[in-house]
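**Q** Starting from these lines, generate the structure:
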Amino acid sequence: MQKYTSANTSINKTKLPILFKKLNEMGIHNTLIIDVGCGKFIDHIKDYVSNMDCSYLPYDKYNQSEEVNEFSKNGNDVNNIVTLSNVLNVIAEKEERINLVKEWLKPTVTMYISIYEGNRSGISRVTKKDCHQMNQRKQYYVDELKEIANVEIVKEILKVVHK
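**A** Numbering: from 1, shown residues only. All right, here's what the predicted structure looks like:
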């Protein structure tokens, strides 16, 4: 279990996570994007993704309804993209980070992960009540995820595919 849910770290209603801009720059279009750890505010993300001619399914065990999450989870059995936007860096436990990626990474799925590096000190800390920040550089997560997947950094985000 996660010690800190970091449920209150949702990006505000108007700020688009950089991950989606990077996907657009990479020419990602005409696919299903499942946004794991999407937070509370998703309308602006849905609008942006629809302009990429992509379908969007949100998933957040702390900020979306059980019905929404179940529907999104059921969409993860086809060729699609799963995104984790600033999610791994708020999970204190390595086992929880690995399990999350394993849960969503299927042979037909490409996962894209953005990492907020915090102060890059490598010293994890509580940032506010029930919120945590790892303060690790991207390479830390690449090395960690190589145990279970093929990982590379593309356009400053992690691209993860099934081994």
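**Q** gap between residue 111 and residue 43?
**A** Residue 111 is 23 Å from residue 43, where distance means Cβ to Cβ, to the nearest Å. (Each C-beta comes from the backbone N, C-alpha and C, glycine too.)
**Q** and those two? which has more neighbours close in?
**A** Neighbour totals were compared for residue 111 and residue 43, and residue 111 leads with 23 against 9 (other Cβ atoms under 10 Å).
**Q** residues contacting the more buried one?
**A** Going by Cβ atoms under 8 Å, 6 or more residues apart in numbering, residue 111 touches 81, 82, 83, 84, 101, 104, 105, 149, 158, 159, 160, 161.
**Q** tell me the SS of it?
**A** With DSSP: H, G, I helix; E, B strand; the rest coil as the basis, residue 111 sits in strand.
**Q** Which strand or helix spans residue 151?
**A** Element membership for residue 151 (DSSP states H and E) is strand 149-154.
**Q** Do a quick rundown of the strands in this protein.
**A** Here the chain has its strands, by DSSP state E, at 32-36, 55-59, 80-85, 109-114, 125-128, 131-133, 149-154, 157-162.
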